[in-house]
Structures are given as C-alpha cells and as structure tokens.
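[1] Okay, structure incoming, though there's no sequence with it:
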C-alpha cells in the first residue's frame, strides 16, 4: 500500500515531464532513427548498403569536413581567448550596474546570428560596406580583394562575432567560482598576481576553458544560415552540403546527405560529451 501511495504521489511529476518527453521523441529521437536508417538505404534499390558512406570519400565531401572543422576550430579558439579576457574584465569591473549591462549585451549578441548577422556584415564589410568605403575614402586603403566577407576569413569573422559573447557567458561563472580566500592565501605565501593565476587560477579554469572550446566548436560546426547567406557555393561546408543533398535541385542525393548528417552527429556528440566531462570536473572546484 505504501508503494502504491508513493507511486500516486509521484505521478503528477512524471505527467509534468510528458510534454517535454513527447517533444524530444517527436523532434529528436524519431528523426535520428529515420536519419540512421536512410543513411544505409541505397537510392534506387532501397536495399541496405554502405555505399552512401563510401561516397563520402570523394574530394568535395572530404573538403567540406576539413573546411567545417577548420572554421569551427579557429572561431572557437579565438572566441575562447578573447572571451576569457573580456569575461575577466567584466568580472573585475567595480560597478555592478555596468556588469549587468555588459552581461545582458553579451546575451543579446550571442543570439544574433543566422541571416540577419550575415546581412549586417555585408552592410558593414561588403564591397560597398560602411567600413570598406570609409577606409577607401579617408585612408585610401582598398580592403578588397585582399579581404572578402564572402570568403573563409570573412565567414570566420562572422562566426567569431557570436562565439565571443557566448564564451563570455560561459566563463563568468567559472571566474565567480574562484574564491577570494585562495588568492589571499597565495598572497600570504608570497605569490604575486601572475603567479596566482599561472599556478592556481588557470589550472582551476582549465576544465571550463575546455568545456567552452568544445561547445563553441559544436556551435560553429552546426551553423547553417550565416554560411549559406555569405558564401553559399563559394565555400564547401558540411551543413551546406547536407542542405544541397537533401533539398537541392542539382545535386540532390538524400541518402548521401543523411550519411553526412550522421557523421556530423557523431562529431557533435563527441564535442558535447567532452563538454559534459569538463563541466563535471569544473563543478568539483566550485564545491571545494
């Protein structure tokens, strides 16, 4: 009877999770199952095959993975370095009101991505952009063709724009977890500020930095709208190739696109796993 009463008391809790579980089932689990199945189906015969994955050895697909990994790695690394420095500056800022304003600005900025972000960069750094024309008219410096917003470097710059504030939001709790007692104890033992951060602060922050790096990498790897708006066919990326394979009119091959999507899921899943392991280790320091 006691077990029955306990089950009855817990039933409303499970019912409250039902919409979320149904959402995950309908929009995450079921699509992944169909994606896995479709990646092993031959287009003409509808038989099981590995040919879709073997087709990914073609240079265009390999190049798309290389480009996506490069642009994700570079934007993530720059985002971690600059975001950590900016996050530390915000953390040390004496005014709480200014801190809250900068955090809110970072929150808004990191969500400003996709096609609106791409159009903003075109207006600012396009061939007829504001900064481009300013450099040409007032400094007699031609930005093009040395730089192009429609190239690998231009897309990387656009990615850094939303990667950097995301890292700021991720690193601020890590800075808050560094207790003043640790710094005071280090100073009482004769350590200066540099020695404290080199021997204590940075090792404590390392799990959070690794977590931020992997999350930023996954965030950039899965970006689609910004890349499609800026570079389209000028640069081969995994997300663009998947779009062409599944919804394109010229190179449509849904099975190969699904195979690329499965490999992308593995890469993203590995990144998220590293992120989870790193954040778990970072929590140990915050509880110490």
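    Okay, I see it. From a predicted model like this one, the values you see are computed outputs, not experimental measurements.
[2] ok, and for stretch 107-116, which residues are buried?
    109, 110, 113, 114 (16 or more other C-beta atoms under 10 Å). Yep, even glycine has a C-beta here, placed from its N, CA and C like the rest.
[3] now, among those residues, which is nearest to residue 69?
    residue 113 (19.4 Å; C-beta to C-beta).
[4] what about that closest one, which SS state?
    Secondary structure for residue 113, judged by DSSP: H, G, I helix; E, B strand; the rest coil, is coil.
[5] Check it and give its pLDDT.
    pLDDT for residue 113: 85.
[6] Going forward, the N-terminal residue is numbered 22.
    With 22 as the first residue, the last one maps to residue 134.
[7] measure it to residue 181 for me?
    12 Å (C-beta to C-beta, to the nearest Å).
[8] Kindly report the same for residue 117.
    In terms of C-beta to C-beta, residue 117 sits 28 Å off from residue 181.
[9] before we move on, the earlier item: could you dump the buried residues of stretch 128-137 to a markdown table with distance to residue 246?
    Below are the buried residues of stretch 128-137 laid out as a markdown table (distance: C-beta to C-beta, whole Å):
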| residue | distance to residue 246 |
| --- | --- |
| 130 | 16 |
| 131 | 15 |
| 134 | 7 |
| 135 | 4 |
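[10] With respect to residue 241, which of the residues you listed is nearest?
    For the buried residues of stretch 128-137, the nearest to residue 241 is residue 134 (10.2 Å; C-beta to C-beta).
[11] Setting aside sequence neighbours, what's the nearest residue to the closest one?
    Here the nearest residue to residue 134 in space, its sequence neighbours aside, is residue 183; by C-beta to C-beta, 6 or more residues apart in numbering that works out to 4.5 Å.
[12] Any buried residues in the strand or helix carrying the one you found, and which?
    Here residue 183 sits within helix 173-197, counting by DSSP states H and E. Judged by neighbour count (16+ other C-beta under 10 Å), helix 173-197 contains these buried residues: 173, 175-193, 195-196.
[13] What are the contacting residues of the helix or strand following it?
    Heading C-terminal from helix 173-197, the first helix or strand you meet, by DSSP H and E, is helix 201-209. Residues outside helix 201-209 that contact it (C-beta atoms under 8 Å, 6 or more residues apart in numbering) are 216, 217, 220, 221.
[14] Could you dump those residues into CSV with distance to residue 109 and secondary structure added?
    Formatted as CSV, the contacts of helix 201-209 follow (distance: C-beta to C-beta, whole Å; DSSP: H, G, I helix; E, B strand; the rest coil):
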residue, distance to residue 109, secondary structure
216, 17, helix
217, 13, helix
220, 17, helix
221, 15, helix
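[15] Scan those and report the most crowded one.
    residue 217 (19 neighbours; other C-beta atoms under 10 Å).
[16] Tell me the gap between stretch 155-168 and the middle of its chain.
    32 Å (C-alpha atoms, centre = their mean, to the nearest Å).
[17] for stretch 178-192, same thing?
    With C-alpha atoms, centre = their mean, you get 9 Å for stretch 178-192.
[18] what does that stretch contact?
    For stretch 178-192, the surrounding residues in contact (C-beta under 8 Å, 6+ apart) are 92-93, 96-97, 99-101, 103-105, 107-109, 111, 124, 126-128, 130-134, 138-139, 142, 146, 170, 226, 229-230, 232-233, 236-237, 240-241, 244, 247, 251.
[19] got the phi/psi numbers for residue 133?
    Main-chain torsions, residue 133, degrees, to the nearest 10: phi -90, psi 90.
[20] mind listing what it touches?
    By C-beta under 8 Å, 6+ apart, residue 133 lies in contact with 141, 182, 183.
[21] just these now: which is nearest residue 299?
    The closest of those, once distances to residue 299 are taken by C-beta to C-beta, is residue 183, at 21.0 Å.
[22] Any figure for the gap between that closest one and residue 237?
    10 Å.
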